[in-house]
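Enquirer: the following comprises the amino acid sequence and a computationally predicted model.
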Amino acid sequence: MNDTQRPGRRSFLQGSAAASGVVLLGFYLPGVLQAAVEEPGKAAGFRPNAFIHIGKDNVVTVVVGSAEMGQGVLTSLPQIVAEELDADWSKVRWEQSPAQTDYNRPGLQIMITGGSSSVLSNWDVLRKAGASARAMLLAAAAQTWKVDPATLRTDQSAVLGPGGKRLTYGELADKAATMSVPKDAPLQSPKDFKIVGRSLKRLDTPSKVEGTAKFGIDVSVPGMLTAVIIKAPAIGAHLARFNGDKARAAPGVKAVVLISDGLAVVADTYWRARKASELVEVEWGEGVLAGRGSDDLRATLEHAAKRDGLVARQEGEVDTFRLGRTVSAVYHLPYLAHACMEPMNCTAWVKPHEVEVWVGTQAQTWVQQSAAVAAGVEPEQVRVHTLFLGGGFGRRAAQDFVTAAVETSRAVGAPVKVIYSREDDMRGGYYRPISYTEISGAVDATDNAVMLRTKVIVPSLAEATGFKRLVRPDGVDRVAVEGLADMPYDIPNVKVEWVKHDFGVPIWFWRSVGASHNTFVTETFIDELATLARKDPYQFRRELLDKQPRLRSVLELVADKAGWGKPLPKGIGRGIACVAAFGSWTAQVVEASIEGGRPRVHRVVCAADCGRAVNPEQVKAQMESSIIFALSAALYGHITFKAGKAEQSNFDDYPVMRMNEAPQIDVYLVPSEEKPGGVGEPGTPPTAPALANALFQITSKRIHTLPLSLHAFST
């Protein structure tokens, strides 16, 4: 028997996740993804900045810093560059960037893909990059022909001059590389856009159809071993004792080593490591929940609600308000898993003087930082190879699987791929937080909403992730009150409080984060206020949105397209909800019925104002995927605990929506010349409340807890 204490988990993130300004190294990985460095023997071409390379073959390569996890950034971001560059789209290619500061998310100073920010935050940066390159090409042509640059124009990756003169960008590449970089190159006029605003086919689709696309789990490095992690059965439990002798004697097994998150069983194949892990004798201590179950957690949150919270928003005289008719409700929303289709994985190779990491990640800077801590090196010694992500939803910004791979590689002295099983991931934490919310409201004698008071009890994601930028100067966690403190309705007396309560269960960003649970509270309770005011839910909202013209516009659009107010077949209800989030405005109408005692969603109509749509079909696809993601959670999603252990482990007890359950989805985009907003997450928050509101129309039952599978329905 080997007596050992498990090292503390996730401590490296505290204080380091918000670090910035790290210089990262580039890479080139043949056969996996290209990087922004030259291949041996490849002509230098024209590289005016970190985002663009133009070869002598006239191919324009756009270097993309955002991670591709299905949202289409490998197409939309090149579209922005190609528009300003006036490029021939048929010759535009993409490269995944190296991990370096040139590709930091503007305003955050770290490389991260999340918050629906890729197009939103890169719009100005990439437009300027393309315009600057175009100006240098024009200057090169003008110098070649000895003419005034103002007499020239560009079209389809070529400069056109007087008398029919024409030089392609490839022909101008060497000369353009000698031109001065302009400070303020003129941008293309939006009225002349030819590439932005078009639903072009995705550039990454062919590789995925052909099977050549490389995801993290596809990595193969010479001499690579595979590791399975034996994790605590109860979250946060310490490793008391273990004996790995039987596992070490199993075929193909190379080592059984202690790491910060448990035990790594290392073998020549995944299956051998998995089978050998069952032979390890392990004794665990008590976890962070100390044997408690979900009912006890809820009771604890109810008790925590008696405490005064930090005030996140206060207007009017809520504390002394006594007028009108009132209604109140209590909401309890569960922990949720991300349930990414590709299991968590990472390949690491700790060498004498550097560390290489191959991973599908949303946060390259954090990968470099966490790998450096795990390997005992400086961040500059870590090379990060970003691969395709088989689903992100926030989960792949976490670093547990990266740390596990680096620690294991360091221990065995070889490249190691760590693969979590579905059960490992689903039982191991990193959930959307549990929340408990008390809310009350009032309408006056003229049936107008006059008061709304909310208190939410939820842990702090800022503390859990180490992302200190999420904390307001007054100490309020922005995510904890997202969807409440920024509630859009014009109600004169409003108060929002936040009470922090943390059970020690690892929590993480989950698609649309705080808005995902808080919007459910707001948008279902607004329906209750509408009933109290004896008004139609759509008209009630519309009256309260005079100061929110863009949200009111999408609400009107979705009501029109859904045929709001028109009769529905017997047994079908219609519900509505809207949200302003991630720089966009979204409204949805859901039509649903009860079949066999269970909700059945028939149709979802979505209207969105996300500013200028770079690729409209990709925007619609993101809205559709957000809706399916939200419906899965609303209908089925919950992580519950019994005796301190998570009860759900795979898709048999944590279902997601199947194809035969999927509703008709109609998405309408508001034409706009405003800057782009986010699209990956705004479609998620309105779906669950619109569904719950639809079910009320046919069952007269208000929904204050999710998932809906826990409710008994009758019509």
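Expert: Cool, got the structure. Numbers count the residues shown, from 1 in each chain.

Enquirer: now the end-to-end length of stretch 657-667.
Expert: Stretch 657-667 has its terminal residues 19 Å apart, counting by C-alpha to C-alpha, to the nearest Å.

Enquirer: over to stretch 507-518?
Expert: End-to-end for stretch 507-518, by C-alpha to C-alpha: 16 Å.

Enquirer: now it: how far from the chain's centre is it?
Expert: 9 Å (C-alpha atoms, centre = their mean, to the nearest Å).

Enquirer: and for stretch 120-137?
Expert: 25 Å.

Enquirer: so who does V125 touch?
Expert: For V125, the contacting residues are 51, 106, taking C-beta atoms under 8 Å, 6 or more residues apart in numbering as the criterion. Glycine gets a C-beta too; all of them are placed from N, C-alpha and C.

Enquirer: so it lies in a strand, does it not?
Expert: No: using DSSP: H, G, I helix; E, B strand; the rest coil, the assignment for V125 is helix, not a strand.

Enquirer: and the pLDDT at it?
Expert: The per-residue pLDDT reported for V125 equals 97.

Enquirer: mind checking how far it is from I52?
Expert: Going from V125 to I52 by C-beta to C-beta, to the nearest Å gives 12 Å.

Enquirer: repeat that for G216.
Expert: 27 Å.

Enquirer: try D447
Expert: 58 Å.

Enquirer: the more surrounded of those two?
Expert: I52 (26 against 17; other C-beta atoms under 10 Å).

Enquirer: count the residues that sit near the closest residue to the more buried one other than its chain neighbours.
Expert: Among residues not flanking I52 along the chain, A133 sits closest, at 5.1 Å (C-beta to C-beta, 6 or more residues apart in numbering). Number of residues near A133 (other C-beta under 10 Å) recorded here: 30.

Enquirer: just list the residues touching A133, thanks.
Expert: 46, 48-49, 52, 54, 84-85, 176.

Enquirer: likewise P222?
Expert: Contacts of P222 by C-beta under 8 Å, 6+ apart are P415.

Enquirer: angles on the backbone of P190, please.
Expert: phi -50, psi -30 (degrees, to the nearest 10).

Enquirer: close enough to count as contact, it and S672?
Expert: No: look at P190 against S672 with C-beta atoms under 8 Å: they stay out of range, at 10.6 Å.

Enquirer: higher neighbour count, those two?
Expert: Neighbours of P190 and S672, each counted by other C-beta under 10 Å, are more numerous for S672; the result is 18 against 11.

Enquirer: state the distance from the residue sitting furthest away from the middle of the chain to A150.
Expert: Residue farthest from the centre of the chain, counting by C-alpha atoms, centre = their mean, is G163 at 51.9 Å. Applying C-beta to C-beta, the value for G163 to A150 is 16 Å.

Enquirer: break this protein into its domains for me.
Expert: 46-200, 216-287+344-419, 295-335+430-710 (automatic domain parsing).

Enquirer: closest to S207 out of those domains?
Expert: Across the domains of the chain, the minimum distance to S207, taken as C-beta to C-beta, is reached by domain 216-287+344-419, at 8.6 Å.

Enquirer: what about that closest one, how long is it end to end?
Expert: 10 Å.

Enquirer: and if you look at stretch 45-61?
Expert: 11 Å.

Enquirer: with stretch 314-322 instead?
Expert: 16 Å.

Enquirer: buried ones in that stretch, by neighbour count?
Expert: Neighbour counts over stretch 314-322 (16 or more other C-beta atoms under 10 Å) mark 318, 321 as buried.
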